[in-house]
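Asks: Provided below for reference: sequence and predicted model.
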Amino acid sequence: MSVLTSMPYHHAVHRVSRWCSWYTREVDAQVAAGRRDELASDLYEHAIWADESGTTPRAVARAILSRALRGAPADLSWRHAQRRQVALADPTGFRQHRVEGAVSALVLVVASAVMGWGLFVLTRIALSVIGEQIRPGSATALTIASFTALAVGGLVLLSRRRTRVLGALVMVLASFGLVHFGLFQLYSLSATVGALTFTMPGWGLASNSLIAGLGLFFTAA
């Protein structure tokens, strides 16, 4: 079997190509395309050499991945140099892009916190079921599990540029459900939440404000 048509070779090429696509993003389009073409040519020549020398496809795949790993620092250095050229050529656009990147990172952090809250509540529910404090499969527990799964999906959508808007809308719904039903469930499971509900005059206003704030945050994102 030719190395060019072997599955190990194609899997290795796919992984290395994905890495190349990642570190060439947000640089000059022509420079990035040239870098990807150079990699594709290099991988093709490697496969031709392997066929001529009798190297097995698995050995070629290991060599390709190993070389990509060793060359990662150089790739990142190349990316940094290219990004610097972009910044020098268009400082205003570069700053705007950096701000957009920071906002996107903040959105992911907040979405992760919402998802983490859902997982925390589910953990408390599981411990209470084990301790026989509540019955398993309650409607509230299933609702929280559904909203947590929704938050996971929203986080995945937010991590991709093309689906970011959809992810933000999903997180609006997930944040509402997890805060509202999560606090409702913890009212019966947590002495702290129960005490705060009765002793803190603005508890209801604070929780509703948090829900509204998260909704506005993800809508604006």
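Replies: Sure, I can see it. Numbers count the residues shown, from 1 in each chain.
Asks: Show the subsequent helix or strand relative to the lowest-mean-pLDDT helix or strand in the chain.
Replies: Ranked by mean pLDDT, DSSP states H and E, the weakest helix or strand in the chain is helix 191-199, scoring a mean of 64. Heading C-terminal from helix 191-199, the first helix or strand you meet, by DSSP states H and E, is helix 203-220.
Asks: ranges for the helices of this protein?
Replies: 7-23, 29-53, 57-89, 91-130, 139-158, 164-189, 191-199, 203-220 (DSSP state H).
Asks: buried residues in stretch 213-221?
Replies: Within stretch 213-221, the residues that count as buried by 16 or more other CB atoms under 10 Å are 214-215, 217-218, 221. All C-beta spots, glycine's among them, are computed from the backbone N, C-alpha and C.
Asks: Contacts for it, please.
Replies: With CB atoms under 8 Å, 6 or more residues apart in numbering as the test, stretch 213-221 has contacts from 103, 107, 110-111, 114, 158, 164, 168-169, 171-172, 175-176, 179.
Asks: Turn those residues into JSON lines, including distance to C20, pLDDT and neighbour count.
Replies: Below are the contacts of stretch 213-221 laid out as JSON lines (distance: CB to CB, whole Å; pLDDT from 0 to 100; neighbours: other CB atoms under 10 Å):
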{"residue": "V103", "distance to C20": "27", "pLDDT": "80", "neighbour count": "12"}
{"residue": "V107", "distance to C20": "27", "pLDDT": "90", "neighbour count": "21"}
{"residue": "V110", "distance to C20": "31", "pLDDT": "93", "neighbour count": "17"}
{"residue": "A111", "distance to C20": "28", "pLDDT": "94", "neighbour count": "28"}
{"residue": "V114", "distance to C20": "33", "pLDDT": "94", "neighbour count": "24"}
{"residue": "L158", "distance to C20": "24", "pLDDT": "90", "neighbour count": "24"}
{"residue": "R164", "distance to C20": "23", "pLDDT": "88", "neighbour count": "16"}
{"residue": "A168", "distance to C20": "29", "pLDDT": "92", "neighbour count": "19"}
{"residue": "L169", "distance to C20": "32", "pLDDT": "92", "neighbour count": "15"}
{"residue": "M171", "distance to C20": "31", "pLDDT": "94", "neighbour count": "29"}
{"residue": "V172", "distance to C20": "35", "pLDDT": "94", "neighbour count": "19"}
{"residue": "S175", "distance to C20": "36", "pLDDT": "94", "neighbour count": "28"}
{"residue": "F176", "distance to C20": "40", "pLDDT": "93", "neighbour count": "18"}
{"residue": "V179", "distance to C20": "41", "pLDDT": "91", "neighbour count": "23"}
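Asks: Let me see the contact set for the residue nearest the centre of the chain.
Replies: With distances taken as CA atoms, centre = their mean, S159 lies nearest the centre of the chain, 4.3 Å away. Contact analysis of S159 by CB under 8 Å, 6+ apart lists 108, 167.
Asks: what's the distance between it and L122?
Replies: 22 Å (CB to CB, to the nearest Å).
Asks: This protein - how does it break down into domains?
Replies: Using automatic domain parsing, the domain ranges for the chain come out as 3-89, 93-220.
Asks: Which one of those domains has the poorest average confidence?
Replies: Note on the domains of the chain: lowest mean pLDDT is at domain 93-220, with a mean of 83.
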